[in-house]
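*Asks:* Just a sequence and a predicted model for now, questions to come.
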Amino acid sequence: MNESNSDRRLFLKRAMLGAGSVALHPVLVESTALAAEKPLSEPPQPIIGENVLGEYGPWARKILGDGPAKLSFLRDEFSRAGIVAWREKARARLLECLAMPDSGGIPRVQVENQVEFEGVSIEQLEWQLPYGPPTKAMFLKPANAKGRLPAILALHDHSGKKYFGHRKISRSSSDVDPLIKQHVDDNYGGVWWANEMARRGYAVLAPDVFLFGSRRIRLPQVPRILSGLLVEGNPDNALDIVAYNRWARQHEHEVAKSLLCAGTTMPGVVVGEDQRALDYLCSREDVDAGRVGCCGLSSGGLRTLFLAGLDDRIAAACCVGMMTTWRDFCLNKSYTHTWMIYPPGFARDLDYPEILGMRVPLPTLVQNAEQDQLFTLPEMQRADRMLSDIYKKAGAESQYQSAFYPGTHRFDLKMQADAFAWFDSKLAKK
């Protein structure tokens, strides 16, 4: 009896340990069960390929489908002759999904400081939107420039580093935070590209946007259950800045959910703020409002995609390191990206690259990195084909250009040189 009880306890213990281990691996459970039904000579076969949604991946892909989305310009019911009506319909649907809040009219801008640095005249600006802390920005143009200049709205990246915004792409002195210097070295070839564009002859506006730099969320206004032991740190202390960035990456999930509960969306807030910056840029007396472009890497490319897709004041748009498809986000790469990407419900109407395609036939450049870790190469190439087909159907093949560069996610010196030359060709005076 004692031996039997001991054996039973040993069996139960092993069974519980085994169950506890496979509970963390549901695919293993299913594969093991299938293997038991087959001859031992046959290895268990995978149920599905690896994807973000696991067993639900094929179902989600079926929802997206393989053909053109409902409002795609590539559908037979849309034609070159009806492109204006198509664009109005597509933009109206995107605006509905973005649920943009009121961000006011042209901002009333205060000039906080003026300096000249490395041949560039720089204004440090501030304006107040109807919500949140004041927005800080930098306006740059060639020193001693006269008349109205072509202009660039320079849009900073995300990179999981919310403590800084426009300072990642523009500067007004050689005194630079070491963390920013490292970021610029890693992502921009050691160059503050907004300053480079100004030296090239452009008026450039580089603003902070929602959640970044001057627009970031301050810890004292956040409940302790969310901020934990983190406090508003020393702006000169690298450890405090890194700690804030780590916290802000996670807090973005709560921000996105809260905005949905308020009846708006994170991309809607960001696009609205970028439009207000564009309003101001176009209102300046030293800017030729008919020759305005926008450009950005990563989430700066995302912001370019939305802004240029919605607003024809953008005469030339360069999207860097931010082109793929909804399929890629859905199945492969959603975990590498910000909530700023996703207008709820819009994926059935247009594919992601077609948001930028709404600007057809206006000039558009897309730069991709072949080893970009944020996307899969086949879906980057598929997105490129979509945009190419849209411009071809519209009779504007020459107005769309794209390039694939060796390397990982970045806007390096070669990419910058190509983008700057392209802007010169599109925004030069006729």
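*Replies:* Sure thing, it's come through. Residues are numbered from 1 along each chain as shown.
*Asks:* and Trp422, what is it in contact with?
*Replies:* Taking Cβ atoms under 8 Å, 6 or more residues apart in numbering, we find Trp422 in contact with Ala316, Cys318, Leu365, Gln401. Heads up, the C-betas are built off the backbone N, CA and C, glycines and all.
*Asks:* Excluding chain neighbours, give the residue nearest to the residue most central in space within the chain in space.
*Replies:* Geometric centre of the chain, nearest residue: Ser299, 2.7 Å, by Cα atoms, centre = their mean. Excluding the flanking residues, the one nearest Ser299 by Cβ to Cβ, 6 or more residues apart in numbering is His158, at 3.5 Å.
*Asks:* for that neighbour, helix, strand, or coil?
*Replies:* Secondary structure for His158, judged by DSSP: H, G, I helix; E, B strand; the rest coil, is coil.
*Asks:* Surely it touches Ser298?
*Replies:* Yes: contact status for His158 versus Ser298: in contact at 5.8 Å, counting by Cβ atoms under 8 Å.
*Asks:* Look at Ile314 and tell me its secondary structure.
*Replies:* Ile314 ends up coil, using three-state DSSP.
*Asks:* List the residues that contact the nearest residue in space to it that is not next to it in sequence.
*Replies:* Among residues not flanking Ile314 along the chain, Ala308 sits closest, at 4.3 Å (Cβ to Cβ, 6+ apart). Contacts for Ala308 (Cβ under 8 Å, 6+ apart) come out as Cys294, Ile314, Ala317, Cys319, Leu356, Arg359, Leu362, Thr364.
*Asks:* and if we set it to 6 Å?
*Replies:* Contacts for Ala308 (Cβ atoms under 6 Å, 6 or more residues apart in numbering) come out as Ile314, Ala317, Arg359.
*Asks:* my read is Thr408 is in a strand, agree?
*Replies:* No: according to three-state DSSP, the state of Thr408 is coil, so it is not within a strand.
*Asks:* before we move on, back to that, the residue nearest to the centre of the chain touches Ser159, doesn't it?
*Replies:* No: in terms of Cβ atoms under 6 Å, Ser299 does not count as a neighbour of Ser159; the distance is 7.8 Å.
*Asks:* May I have the lengthiest helix in the chain as PDB, with CA atoms only?
*Replies:* Assignment by DSSP state H gives helix 238-261 as the longest helix of the chain. Extracted in PDB, the C-alpha atoms of helix 238-261 (Å, rounded to 0.1, in the frame of the first residue of the first chain):
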ATOM      1  CA  ALA A 238      22.200  60.500 -18.900                       C
ATOM      2  CA  LEU A 239      20.900  57.800 -16.500                       C
ATOM      3  CA  ASP A 240      17.800  59.800 -15.700                       C
ATOM      4  CA  ILE A 241      17.200  60.400 -19.500                       C
ATOM      5  CA  VAL A 242      17.600  56.700 -20.300                       C
ATOM      6  CA  ALA A 243      15.300  55.700 -17.500                       C
ATOM      7  CA  TYR A 244      12.600  58.100 -18.700                       C
ATOM      8  CA  ASN A 245      12.900  56.800 -22.300                       C
ATOM      9  CA  ARG A 246      12.500  53.200 -21.000                       C
ATOM     10  CA  TRP A 247       9.400  54.200 -19.000                       C
ATOM     11  CA  ALA A 248       7.900  56.200 -21.900                       C
ATOM     12  CA  ARG A 249       8.200  53.300 -24.300                       C
ATOM     13  CA  GLN A 250       5.900  51.200 -22.100                       C
ATOM     14  CA  HIS A 251       3.700  54.100 -21.200                       C
ATOM     15  CA  GLU A 252       2.800  54.700 -24.900                       C
ATOM     16  CA  HIS A 253       0.500  51.700 -24.600                       C
ATOM     17  CA  GLU A 254      -1.500  53.400 -21.900                       C
ATOM     18  CA  VAL A 255      -1.500  56.700 -23.900                       C
ATOM     19  CA  ALA A 256      -2.900  55.000 -27.000                       C
ATOM     20  CA  LYS A 257      -5.700  53.300 -25.000                       C
ATOM     21  CA  SER A 258      -6.600  56.500 -23.200                       C
ATOM     22  CA  LEU A 259      -6.800  58.400 -26.400                       C
ATOM     23  CA  LEU A 260      -9.100  55.900 -27.900                       C
ATOM     24  CA  CYS A 261     -11.300  56.300 -24.800                       C
END
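*Asks:* what about it, distance to the chain center?
*Replies:* From the chain centre to the centre of helix 238-261 is a distance of 16 Å (Cα atoms, centre = their mean, to the nearest Å).
*Asks:* just checking, next helix/strand downstream of it?
*Replies:* helix 266-283 (DSSP states H and E).
*Asks:* per-residue confidence averaged over that following helix?
*Replies:* For helix 266-283, mean pLDDT rounds to 98.
*Asks:* Report the angle between it and helix 238-261.
*Replies:* 100 degrees (axes from the mean of the first three to the mean of the last three Cα atoms, to 10 degrees).
*Asks:* Quick check: buried residues in helix 266-283?
*Replies:* Within helix 266-283, the residues scored as buried using 16 or more other Cβ atoms under 10 Å are 266-282.
*Asks:* Equivalent analysis for stretch 195-211, please.
*Replies:* Buried residues in stretch 195-211, counting neighbours by 16+ other Cβ under 10 Å, are found at 195-198, 202-211.
*Asks:* Now the terminal residues of that stretch, how far apart.
*Replies:* Start-to-end span of stretch 195-211 (Cα to Cα, to the nearest Å) is 23 Å.
*Asks:* Based on its surroundings, how many neighbours for Gly228?
*Replies:* For Gly228, the neighbour count with other Cβ atoms under 10 Å is 10.
*Asks:* Can you tell me the closest non-neighbouring residue to it?
*Replies:* Closest residue to Gly228 apart from its sequence neighbours, by Cβ to Cβ, 6+ apart: Trp247 at 7.8 Å.
*Asks:* Just want to check the distance between that neighbour and Gln110.
*Replies:* When distance is defined by Cβ to Cβ, to the nearest Å, Trp247 is 30 Å away from Gln110.
*Asks:* Kind regards, and thank you for your time.
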